[in-house]
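Trainee: Show me the folded form of this:
(chains A, B, C and D)
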Number of protein chains: 2
Amino acid sequence: MPTKSGPEGRKASFIEEARRAQLIQCAIDTIAELGFAQASVAQIAGRAGISKSVITYYFSGKDELIRQVLTQIFTDAHRYIAPRVGAEQTVRLRLQAYIRAHIEFISTHLTQMAAVMEIAANHRTEDGSLRWGGTADRPVRTALEGMLARGQESGEFGAFDRSVMAVAIRRAIDALPPLMMSDPAVDAEVYARELVALFDRATRKESNG
Amino acid sequence: MPTKSGPEGRKASFIEEARRAQLIQCAIDTIAELGFAQASVAQIAGRAGISKSVITYYFSGKDELIRQVLTQIFTDAHRYIAPRVGAEQTVRLRLQAYIRAHIEFISTHLTQMAAVMEIAANHRTEDGSLRWGGTADRPVRTALEGMLARGQESGEFGAFDRSVMAVAIRRAIDALPPLMMSDPAVDAEVYARELVALFDRATRKESNG
DNA sequence: GGAAAATTAGAACGGTCGTGCTAATATCAG
DNA sequence: CTGATATTAGCACGACCGTTCTAATTTTCC
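Mentor: This next block holds a predicted model:
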């Protein structure tokens, strides 16, 4: 049963593993540089220096490749961020670690993040609706809202709408990739420090000023 | 000299004005609904119930049409927002009006804003670089940074990095279109009130808590 | 070293893109 | 009403899209 059309069943060969990794990396670079719409199979294959058909040989199609790009990047990000947040003891410190860890990961994985955002904003199903769009970031925001809720219950945070605060935090974090790519003068450390301070004030109880 | 290829020279006829307005509106609707990449000339013409060539008859090409979509929306937005900000006397009130006016306009022009963001994020020149991207929002942020600077000089605001604060404010405002389009339960008034309160705290002087 | 399998290049397919051209129709001035 | 002009539909064009197919080449294994 092996032979025909693509590697299946048997364990991946050395060449297969190397090609898959190469193609995923080339897809990331191409999407980040040219944008999702311009990242055609021909472009990605050209960057890898191979023929188009190699892509459909190792992946069932372009969608498969895109999917694997996303899962790889998300796995990397989660592995970096989760332990750094979990290490902190108070909710306020966890929120600070949340912001800092995100910005550290983003600033050291700029092309990956640019690719993720291009895909999230543009990849659509055949019926025209966004494949990962609209509600795909909801679980992320929901988790963040949970953290904010615990901070309010414990009295560490003041009164505010948690969903609006979560949106503001996420959007401020996700602003970094385009910022850094269009302006190399942007300093990720400064950005992290200022954002931590900004939302530290924003989550405080109203102290009659 | 009249005749050949498109209306030029003479003043626009009734039909011309109507068609241009219709096509701009259809472009907005199509881009907002299907995304920029899927908003082909054929799609836009189909929505208008006319032939593709009518578009290239009234506009020099697709780029021209897109450009007019942007200028129309930006003009509308500026006419709504500018006087509301200018009416306030203190910097803090002006910042509040800035946020509120933006959210009011956005929530009442959702499809327009969705179209603008699709275009800004995706429209590229032939060499592959974003046409309105990267640095196109710089003047907007710069103006906002100026407002923040005046607030710090007058002592109304505390100490913070103005460019980071400007990014956070803009990103929080620009989050509204996708929020409202994916979740009809989102309340623009609540969002405006909470955002005003959030950045009111964030711009305050550190009051030792 | 030779057969079988894995991997690759390259061409071909049907489809959509934006634009240009042509011929038919609608509008309007005289 | 009529001729000129504005407007429109429809097709053709070259380009690129993602996928499929075939044939050639490389690798693997006995």
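
Trainee: buried sites along the helix or strand where residue A:16 lies?
Mentor: If you go by DSSP states H and E, residue A:16 is part of helix A:14-34. In terms of neighbour count (16 or more other CB atoms under 10 Å in any protein chain shown), helix A:14-34 has its buried residues at A:19-20, A:22-34. Where C-beta positions appear, they are placed from N, C-alpha and C, glycine not excepted.

Trainee: out of the residues you listed, which one sits closest to DNA strand C?
Mentor: residue A:19 (4.9 Å; CB to the nearest atom of the strand).

Trainee: residues touching the closest one, list them.
Mentor: Going by CB atoms under 8 Å, 6 or more residues apart in numbering or on different chains, residue A:19 touches A:54, A:58.

Trainee: what about the helices in chain A?
Mentor: For chain A, the helices defined by DSSP state H occupy A:14-34, A:41-48, A:52-58, A:62-86, A:91-108, A:110-122, A:138-153, A:162-174, A:176-182, A:188-202.

Trainee: roughly how far is the first one from the heart of the chain?
Mentor: Averaging C-alpha coordinates over helix A:14-34 and over its chain gives two centres that are 17 Å apart (CA atoms, centre = their mean, to the nearest Å).

Trainee: still on that earlier bit, kindly reformat the helices of chain A as a markdown table containing distance to DNA strand C and mean pLDDT.
Mentor: Output for those, formatted as a markdown table (distance: least, CB to the nearest atom of the strand, whole Å; pLDDT from 0 to 100):
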| stretch | distance to DNA strand C | mean pLDDT |
| --- | --- | --- |
| helix A:14-34 | 4 | 94 |
| helix A:41-48 | 7 | 98 |
| helix A:52-58 | 3 | 97 |
| helix A:62-86 | 12 | 97 |
| helix A:91-108 | 30 | 98 |
| helix A:110-122 | 15 | 96 |
| helix A:138-153 | 30 | 97 |
| helix A:162-174 | 28 | 98 |
| helix A:176-182 | 24 | 95 |
| helix A:188-202 | 37 | 98 |
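
Trainee: In a markdown table, list the ones you listed along with distance to residue B:123.
Mentor: What follows is these, written out as a markdown table (distance: least, CB to CB, whole Å):
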| stretch | distance to residue B:123 |
| --- | --- |
| helix A:14-34 | 13 |
| helix A:41-48 | 18 |
| helix A:52-58 | 26 |
| helix A:62-86 | 22 |
| helix A:91-108 | 25 |
| helix A:110-122 | 12 |
| helix A:138-153 | 28 |
| helix A:162-174 | 21 |
| helix A:176-182 | 15 |
| helix A:188-202 | 27 |
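
Trainee: Just put those in JSON lines and tack on distance to DNA strand D.
Mentor: Converted to JSON lines, those look like this (distance: least, CB to the nearest atom of the strand, whole Å):
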{"stretch": "helix A:14-34", "distance to DNA strand D": "6"}
{"stretch": "helix A:41-48", "distance to DNA strand D": "4"}
{"stretch": "helix A:52-58", "distance to DNA strand D": "4"}
{"stretch": "helix A:62-86", "distance to DNA strand D": "4"}
{"stretch": "helix A:91-108", "distance to DNA strand D": "26"}
{"stretch": "helix A:110-122", "distance to DNA strand D": "11"}
{"stretch": "helix A:138-153", "distance to DNA strand D": "27"}
{"stretch": "helix A:162-174", "distance to DNA strand D": "25"}
{"stretch": "helix A:176-182", "distance to DNA strand D": "22"}
{"stretch": "helix A:188-202", "distance to DNA strand D": "32"}
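
Trainee: for those, which one sits closest to residue A:132?
Mentor: For the helices of chain A, proximity to residue A:132 was assessed by CB to CB; helix A:110-122 is nearest, at 4.9 Å.

Trainee: what does the closest one rub up against?
Mentor: Residues outside helix A:110-122 that contact it (CB under 8 Å, 6+ apart): A:27-29, A:31-33, A:35-37, A:39, A:66, A:69-70, A:73-74, A:76, A:106, A:130, A:132-133, A:136-137, A:174, A:176-178, A:180-181, B:35, B:37, B:121-122.
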